[in-house]
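**Q** Have a look at this prediction, sequence included:
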Amino acid sequence: MDLTNLAIAGEIALNIIGAVILCTIAFRQFVRKQRAPAALPDWPLPALDFLLFFVLTILGAFFAEVLTDLALRHSSADSDLRLMYSTAAQDAGVLAGAGAFYVIVCKWRPALPKKLGLALVSGAATFAVAVPVVNFVSLTWESILSLCGVPVLKQDMVELLLDTHSGVVRRLLIVLAVLIAPVVEEVLFRAGFFRFLRTCLPRLAERLAAESPGKRRWLGPRTARALALLLPAALFGAAHGSLSFFPSLLLLGVIFSLAYERTGTIGTTIVAHALFNLNMIALVLAGLAS
């Protein structure tokens, strides 16, 4: 069996497994008539502290990229390799900014990860559920774009993966996509934006209800929860800079947030994100995805 046929068989199996898990979850919730309890605690962070979190991550990415550009000014590295170094520096800067925030503001101290087994199992299950859902949305959206005469463009990193002739660049890209980007994006979008909005928006809705009982409010509990799920997912999708894949990334962000909320560990979504990126790389290299 050649690589293409193996990739097709693997993708079919993943879609079937994911659909079975998704149907099982939906059936259990239908029987219970309510959502399963969330394991993620509230994060009652003041708005100014969260703004500091955001600013520190942005500044970390900015200064890391500037320092990397200065270090590479007289380097013989080609443009593709420079892009890889710059991207890695930005990711490291985001993590440095987030780490500084947690240490200074939240008095957090690094420790060995807990619930590693749970993160691996729940992350794999989350990845499996995401595959058929994201594939369906992606195919539907691509059909809509085609009907409207809008070309479906490859993501920049996919173009680079396919076009580069440098083994170093290709290996660095895979490491970034599978090991580094999942950690950075989950810390920023799920453990940062989603966790904060999930706490502050429902509390804002409760305060509005207390101030104007009996009146129709612009922000109710259901709207607050929907915004807490959608806003970080929309930022996550927009950060990838691709209209062709925005709906898929939006939905993926929502799935990751729900998994994080359900398990209470960011390791779940880091594992799921890493597996999702690894699967996409395998499909691209097999000529089955863009």
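**A** Nice, I can see it.
**Q** Flag the shaky bits of the stretch 51-200 of the chain, pLDDT-wise.
**A** For the stretch 51-200 of the chain, applying pLDDT under 70 flags the ranges 109-113.
**Q** hey, where'd the helices end up in it?
**A** Per DSSP state H, counting those that start in this stretch, the stretch 51-200 of the chain carries helices over the ranges 79-104, 116-147, 156-163, 167-175, 181-185, 195-211.
**Q** And those helices: which comes nearest residue 8?
**A** Among these, the nearest to residue 8 by Cβ to Cβ is helix 116-147 (12.8 Å). Where C-beta positions appear, they are placed from N, C-alpha and C, glycine not excepted.
**Q** next one: stretch 132-139 to chain centre, how far?
**A** From the chain centre to the centre of stretch 132-139 is a distance of 16 Å (Cα atoms, centre = their mean, to the nearest Å).
**Q** For it, list every residue counted as buried.
**A** Residues 132, 133, 134, 135, 137, 138 are the ones in stretch 132-139 that count as buried (16 or more other Cβ atoms under 10 Å).
**Q** Stretch 177-195 too?
**A** Applying 16+ other Cβ under 10 Å to stretch 177-195 flags 177-178, 180-195 as buried.
**Q** mind listing what the closest residue to residue 41 other than its chain neighbours touches?
**A** Ranked by Cβ to Cβ, 6 or more residues apart in numbering and with sequence neighbours excluded, the top spatial neighbour of residue 41 is residue 264, at 7.1 Å. With contacts defined as Cβ atoms under 8 Å, 6 or more residues apart in numbering, the neighbours of residue 264 are 38, 39, 40, 41.
**Q** how close does the last one get to residue 203?
**A** So the one you mean is residue 41. Distance of residue 41 to residue 203, computed by Cβ to Cβ, to the nearest Å: 14 Å.
**Q** between these two, which one's more packed in?
**A** Neighbours were counted for residue 41 and for residue 203 using other Cβ atoms under 10 Å; residue 203 has more, 12 against 9.
**Q** what sits against the more buried one?
**A** By Cβ under 8 Å, 6+ apart, the residues touching residue 203 are residue 44.
**Q** switch the cut-off to 10 Å
**A** Shown in contact with residue 203 (Cβ atoms under 10 Å, 6 or more residues apart in numbering): 42, 44, 224.
**Q** try residue 238
**A** Listed by Cβ under 10 Å, 6+ apart, the contact set of residue 238 reads 246, 249, 250.
**Q** now those as a markdown table including pLDDT and neighbour count?
**A** Output for these, formatted as a markdown table (pLDDT from 0 to 100; neighbours: other Cβ atoms under 10 Å):
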| residue | pLDDT | neighbour count |
| --- | --- | --- |
| 246 | 92 | 16 |
| 249 | 95 | 21 |
| 250 | 96 | 19 |
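**Q** rewinding a little: save the contacts of residue 264 as JSON lines, and put in distance to residue 199, secondary structure and pLDDT too.
**A** Shown next, in JSON lines, are these (distance: Cβ to Cβ, whole Å; DSSP: H, G, I helix; E, B strand; the rest coil; pLDDT from 0 to 100):
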{"residue": "38", "distance to residue 199": "11", "secondary structure": "coil", "pLDDT": "77"}
{"residue": "39", "distance to residue 199": "14", "secondary structure": "coil", "pLDDT": "85"}
{"residue": "40", "distance to residue 199": "9", "secondary structure": "coil", "pLDDT": "90"}
{"residue": "41", "distance to residue 199": "9", "secondary structure": "coil", "pLDDT": "90"}
